[in-house]
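>>> give me coordinates for this.
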Amino acid sequence: MKIRIFATAAVLVSLIAGSAAVKAENTTTDRDRLNGYARMTYSNIAMSDGQEAAVAVKGDGSSILRLSVFDYHNNLIAHTSCRVDTCLVTWVANRDASFYVTVENLGGYSTEYGFALSR
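Here you go, the predicted model:
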């Protein structure tokens, strides 16, 4: 539980402070722009059995973003949607494996977003 709280806190701090301001160990951040109805994929997220991770996105309010986590067999692990507030998903790896995360713009307008992953 302590690891999940730390990972969640690291992700949220990274989003609030901006991608260049915070670079904690095992935390990846990105800022990008998605065109309408587009998708960005963050792949090859290697994790060990029992390892916890948290991933979050924060939109700019111009469109709804969907955040999804998939395992190496393309099974949906978790997902959520948000417009302005931070979307946050946490999960625990059930074996040594790679995961991937998608950020989808569900609206017709381009949007800026921040992305953070901690594991």
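>>> lowest-confidence helix or strand of the protein?
Of the helices and strands making up the chain, the lowest-confidence element is helix 2-17, at a mean of 55, by mean pLDDT, DSSP states H and E.
>>> and the next element down the chain from it?
Counting by DSSP states H and E, the next helix or strand C-terminal to helix 2-17 is strand 27-34.
>>> distance of residue 52 relative to residue 89?
Between residue 52 and residue 89 the computed distance is 12 Å (C-beta to C-beta, to the nearest Å). The way it works is simple: take the backbone N, C-alpha and C, and place the C-beta from them, glycine included.
>>> any regions of this protein where pLDDT drops low?
Residues of the chain meeting the criterion pLDDT under 70: 1-25.
>>> in which helix or strand does the residue lying farthest from the centre of it reside?
Distance from the centre of the chain peaks at residue 108, with 21.2 Å (C-alpha atoms, centre = their mean). For residue 108, there is no host helix or strand (DSSP H and E).
>>> that one touches residue 34, doesn't it?
No: using C-beta atoms under 8 Å, residue 108 is not in contact with residue 34; the gap is 11.4 Å.
>>> picking that back up, residues in contact with the residue farthest from the centre of the chain?
36, 37, 63 (C-beta atoms under 8 Å, 6 or more residues apart in numbering).
>>> so what does the helix or strand harbouring residue 114 touch, helix or strand wise?
Per DSSP H and E, residue 114 falls inside strand 111-118. On a contact count with 3 or more C-beta pairs under 8 Å, 6 or more residues apart in numbering; DSSP states H and E, strand 111-118 meets helix 2-17, strand 27-34, strand 39-47, strand 52-59, strand 97-105.
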